[in-house]
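K.L.:
Requesting a structural model of the entry that follows:
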Amino acid sequence: MNFRRQRTEDNTINLTPLIDVVFLLLIFFMVTTTFKKERNLVVTLPESRGEAALAEENVLNVIIDRSGTYSINGRTVRNGEVETLMRALGEASKGNNKLPLVILADELTSYKHVIRFMDAAGRLGFADQRMTVVNPTK
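P.N.:
Coordinates of the predicted model:
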């Protein structure tokens, strides 16, 4: 009797085509990817130096509290409108816009109050404006 052997089927998966496809995709993505150079912004931050304080009569001190009330050299400004601030600043400086302004703002003051005063001072020609933040609790 002549028995034929049964063929055993190969149950393995041929990975060669899959590896070829993966390499082709890798090459495709490497070629099509654009490499852009990131530009860093270099910022030179100001440093504080110990200078002699300006004499009190040569400076306009502006205090802005957390509720938005303005005070120029100890005199409270009636309201926070730009025209009123310009009038009060003009009276306090006696028309001399070369005087330096020191703006002392409470740390909880809304940013809009500080900018409103800086706008009024800028319209009058005050170029030397200095800002500091005051923490009344410390």
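K.L.:
For residue 72, name its beta-bridge partners.
P.N.:
residue 62, residue 75 (DSSP bridges).
K.L.:
List the contacts of it.
P.N.:
By Cβ atoms under 8 Å, 6 or more residues apart in numbering, the residues touching residue 72 are 60-62, 88-89, 92. The C-beta positions use only the backbone N, C-alpha and C, and glycine is treated the same way.
K.L.:
The same query, at a cut-off of 7 Å, please.
P.N.:
60, 62, 88-89, 92 (Cβ atoms under 7 Å, 6 or more residues apart in numbering).
K.L.:
try residue 63
P.N.:
71, 104.
K.L.:
ok, residues contacting stretch 99-111?
P.N.:
Contacts of stretch 99-111 (Cβ under 7 Å, 6+ apart): 54, 58-66, 68, 93, 114, 117, 121, 126, 128-136.
K.L.:
one more time with 8 Å
P.N.:
54, 58-66, 68, 93, 113-114, 117-118, 121, 126, 128-136.
K.L.:
Show me what counts as buried in that stretch.
P.N.:
99, 101-106, 109 (16 or more other Cβ atoms under 10 Å).
K.L.:
Closest one to residue 21 out of those, please.
P.N.:
Comparing the buried residues of stretch 99-111 against residue 21 with Cβ to Cβ places residue 109 closest, at 63.6 Å.
K.L.:
related to what we said a few turns ago, so of the buried residues of stretch 99-111, which ones are in strands?
P.N.:
Using DSSP state E, the members of the buried residues of stretch 99-111 that fall within strands are 101-106.
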